[in-house]
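Asks: I'll drop the sequence and a predicted model, then ask my questions.
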Amino acid sequence: MAASLPLRWLAPLCLVLSACSTGPRRVTRDELPPGPEIVFLGLESVVETRLLAVAESELRNFSTQGFRLADLDDAAEKMRFELEDRGLAHSSVGFEALPAGGPFERIVFRIVEGPRARISRLDFSGAESLPHSELRALFGRERDGELLFRQSQLERGLRKVQERYQRAGYFRAEAAVDFLHWNNKRTSATIRIKVIEGLRYRIERVEFEGELSGEQEAAIRERLRGDWYRPSLLAVAVAGLRSEFLEDGHVAAKIRPELTFDDKTGAVTCRLLVDAGPVYKLRNIEVEGNERTKPRFIRTRLRLEGGDVIRLERVDRGLDRLYETNLFKKVDVRTVDEEEGEDGEATANLRIEIEEYLARSVFGKIGWGSYERLRGAVGYEDHNFRGIGQVLKLEGRASFKEYGADLSVMDRYLLGARTAITARVGFAEREEPTFKRSVRRASLDIQFDPTKEWALLGTYAYDSQKARDIIGEIPGFEARDFVTSAGFGLRLVHNNFDDKLLPTKGWLGEAGVFWSAEELGADLNYIEFNLRGTWNTPVRERWVLSIGGLFSTRNPTDGTLTLPVQKRYFSGGENSVRS
C-alpha cells in the first residue's frame, strides 16, 4: 500500500489574497497621445488626473485630429461639469493655447473653483399628497447629512419628483425650481420646488374590441380597473397580453390601447383594440452572421422544425440554449417573410442573426521552481473547433526537468443535454530525483451535470510509464521498469462558487475512485482514492481568503505490499510545495 499526506498537501493549504484599486478613474499625462504640454492653474480641490480622465476623449481628439480649438472648448466644459458635480457650483474653466498663432506648445486651463456650495434648505410648495421628507430624499444625501449643491443632481431630483407623482396616479404632475437664493458668500442655497400635482387619475372602465377570450378579458379588467393610472401599468398589461398571443403562435398580433381622460373627475377609460392575426407555422430557419459556426449546429440548438407552430416559449428556450454555448456575443431571432395562404394557413421564416465571440486563443505561461527551475508552457485553445462547439486544447510544456504535451477535445452536445464527452492524449519525459520517467497516457471522460452545482464524471484511463537510469536501490522495485495502469474511474463534484473565472465565495469539493485491473488492459492492480476541496470567502472589499486541501492514496489489490516506483506518491513535485 502506498499513501501520502506529507509536504504534498501543504501547497494547497494556502492563503490567496488579491487586491484591486477602487475609486473614480484617473488618467495621467503619459496615457494621453503626444501633444502640447497641459498645465492647470488654480486647481485646488480636485486632482488633475481626474479632470484629465473626464476630458480624455476630447484631449485625444485635439492631439490626433488637427489641434482643433473646439475640442479644447469641449474639454473645458466637461471639466466644469466635474467641478460642479463636486459641489463647486460657481466654478469656471477657461483655456489658452500657446503660442497663439501655433504650432501649439502648451495648453493652459485656468480654473476658478469658487466656494463649495451646499443646499441649506429645500422646501416644496403645492406638494400635498406625498410627504415632503420622501420628496427631499429624491435629491440625494451626503454622508454628513448635508446636501451638496449640484446642478445635475438638482435636475435629476426634479425628474424623480415627477416620476414619483406619476407612479401614484398624478399623470400630469409637474415640478420646477420656483425660488433659489444664495447667501452672501455663495456657499449656501435656499431652494423652493413648486409642484403642480393636478388630478389623480383612476382607470374606471376597460373595454375591448377584437379577438379575446372571456378569461383574457376578465384577467385584464382585474389587473387594470380600479387602479391609479400610470403608463407603466398599461404597458405591462399590453406586453403580457401580447406574450400570450405569441405563445399561441400569433406572430403578427397587434394590440393598440386608446385612452380617454376625464379632466373633471379623473376617470380614465381604457379601450384595447386587438387583432390577433393568424397562427404562424415555421417554414424555414435562416442563419446570418456566422463566420465559423455551422448553420446546422445553430438550428439544432433552436430545436424547431418546418411545420412547427412558432411559439414564443419554444423560441426563447432555443435562444437560451444558443447563449449557453458561450460562442455568441449577440443573438437576435425574428420572423421574416410572413405569408398567408389561400387556405388560411400562415407561414413565416425565422431569421437568426448572430455575432460570434473570438473563440481561438494562444496562451503562454512562465514560472520558476526550486527543483525544476525555469519552467514554461505554450498552448492553443479553440472553443468552436470544427464549427460545432467542440473545445480543442493543445498545450506543450518544458522545464529543466521535464518536457511534454497534451491534446484534448471536448464535445458538450454529442450525447445530449448536460452531458460532455472528452478525449485526451499526452506524453511526458521527466527527471525525478532518483530515476527518469517516460509517460504515455490517454483517457475518455463522460461528464453528466444533473444540476448547476453537481457533476458526475466517469472515465476510462490508460497510462503507461517507464522508469530508467535508476540511482541507487529502490526497495520493492523488482526490476519492473515498464508498467501499465488502465481502468475505470468515477468522480463526484460539487461546485457552488459564485463565479467560474474569479470566485469570491463558495466551495468546490470532489471525491473520486479509480480501479486499475488486468481485466481492463493493465498489468497493475490497485484502487485509488482522491479527496479534494477548496473554500473561498471574502474577508473585505476586493480581498478573498482561499483554503484548499488534497488527499490521495493508491492501494494494491493483488496481494503485493507496494507499487512500482513510477506509481508511488512522493513529497513535492511540479504542482506542490517543492516547486
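Replies: In hand now; what should we look at?
Asks: Which helix or which strand is home to the residue nearest the centre of the chain?
Replies: Closest to where the C-alpha atoms of the chain average out (C-alpha atoms, centre = their mean) is residue 499, at 9.2 Å. Element membership for residue 499 (DSSP states H and E) is empty, with no helix or strand holding it.
Asks: Burial check on the spatially closest residue to residue 337 that is not a sequence neighbour, number of neighbours?
Replies: Leaving aside its sequence neighbours, residue 337 sits nearest to residue 349 (C-beta to C-beta, 6 or more residues apart in numbering; 4.8 Å). Placement of C-beta: from N, CA and C, glycine included. Look at residue 349: counted by other C-beta atoms under 10 Å, it has 18 neighbours.
Asks: beta partners of residue 349?
Replies: For residue 349, the beta-bridge partners under DSSP bridges are residue 284, residue 336.
Asks: That one and residue 280 touch, don't they?
Replies: No. Counting by C-beta atoms under 8 Å, residue 349 does not reach residue 280; the two are 9.9 Å apart.
Asks: Could you name every residue contacting both of these two?
Replies: Residues within reach of residue 349 and of residue 280 at once, by C-beta atoms under 8 Å, 6 or more residues apart in numbering, are residue 335.
Asks: C-terminal to the helix or strand where residue 232 lies, what's the next element?
Replies: Using DSSP H and E, residue 232 maps to helix 231-247. Sequence-wise, the next helix or strand downstream of helix 231-247 (DSSP H and E) is strand 254-261.
Asks: same for that following strand, what does it pack against?
Replies: Here strand 254-261 touches helix 231-247, strand 267-275, going by 3 or more C-beta pairs under 8 Å, 6 or more residues apart in numbering; DSSP states H and E.
Asks: let's see 10 Å
Replies: strand 202-210, helix 231-247, strand 267-275 (3 or more C-beta pairs under 10 Å, 6 or more residues apart in numbering; DSSP states H and E).
Asks: Mind listing what's buried along the helix holding residue 232?
Replies: For helix 231-247, burial by neighbour count (16 or more other C-beta atoms under 10 Å) applies to 233, 234, 237, 238, 241, 242, 244, 245, 246.
Asks: try stretch 94-101
Replies: In stretch 94-101, counting by 16+ other C-beta under 10 Å, buried: 95, 97.
Asks: What's the per-residue pLDDT of the residue nearest to the centre of the chain here?
Replies: At residue 499, the pLDDT value in this model is 82.
Asks: tell me the contacts of the closest residue to residue 309 other than its chain neighbours?
Replies: In space, and not counting its chain neighbours, residue 309 is closest to residue 249: 4.0 Å by C-beta to C-beta, 6+ apart. The contact partners of residue 249, by C-beta atoms under 10 Å, 6 or more residues apart in numbering, come to 276-282, 308-312, 314, 346, 348.
Asks: how about 7 Å then?
Replies: Residue 249 makes contact with 279, 280, 309, 310, 311, according to C-beta atoms under 7 Å, 6 or more residues apart in numbering.
Asks: Surely the last one touches residue 245?
Replies: What it means is residue 311. No. Judged on C-beta atoms under 7 Å, residue 311 makes no contact with residue 245 at a distance of 10.5 Å.
Asks: Tell me where the stretch 301-450 of the chain is predicted with low confidence.
Replies: Across the stretch 301-450 of the chain, the ranges flagged by pLDDT under 70 are 343-344.
Asks: which residues of it fall in helices?
Replies: For the stretch 301-450 of the chain, applying DSSP state H, counting those that start in this stretch gives helices covering 312-324.
Asks: related to what we said a few turns ago, mean pLDDT for the helices and strands packed on strand 254-261: which is lowest?
Replies: Taking the mean pLDDT of the helices and strands packed on strand 254-261, helix 231-247 comes last: a mean of 87.
Asks: Near the residue lying closest to residue 247 once chain neighbours are set aside, how many residues? Count them for me, please.
Replies: Nearest non-adjacent residue to residue 247, counting by C-beta to C-beta, 6+ apart: residue 312, 4.7 Å away. A count of neighbours around residue 312, defined by other C-beta under 10 Å, yields 17.
Asks: next one: residue 387
Replies: 17.
Asks: Next: residue 539.
Replies: 11.
Asks: Quick check on the closest residue to it other than its chain neighbours: phi, psi?
Replies: Of all residues not flanking residue 539 in the chain, residue 545 sits nearest, at 4.9 Å (C-beta to C-beta, 6+ apart). Listed backbone geometry of residue 545 is phi -100, psi 130, with angles given as degrees, to the nearest 10.
Asks: So what sits opposite residue 545 in the bridge?
Replies: In beta-bridge terms (that is, DSSP bridges), residue 545 pairs with residue 537.
Asks: That one and residue 503, how far apart?
Replies: Counting by C-beta to C-beta, to the nearest Å, the separation of residue 545 from residue 503 is 12 Å.
Asks: hey, what's the closest residue to residue 41 other than its chain neighbours bridged with?
Replies: Nearest residue to residue 41, sequence neighbours excluded (C-beta to C-beta, 6+ apart): residue 110, at 5.1 Å. When assigned by DSSP bridges, residue 110 has beta-bridge partners residue 41, residue 94.
Asks: and residue 110, how many neighbours?
Replies: Residue 110: 15 neighbours (other C-beta under 10 Å).
Asks: Please apply the same query to residue 68.
Replies: Neighbours around residue 68, by other C-beta under 10 Å: 12.
Asks: pretty sure it contacts residue 59?
Replies: No. Using C-beta under 7 Å, residue 68 makes no contact with residue 59, being 11.5 Å away.
Asks: one step back: of all the helices and strands packed on strand 254-261, which one is nearest residue 73?
Replies: helix 231-247 (39.0 Å; C-beta to C-beta).
Asks: That closest one - contacts with which helices or strands?
Replies: helix 214-224, strand 254-261, helix 312-324 (3 or more C-beta pairs under 7 Å, 6 or more residues apart in numbering; DSSP states H and E).
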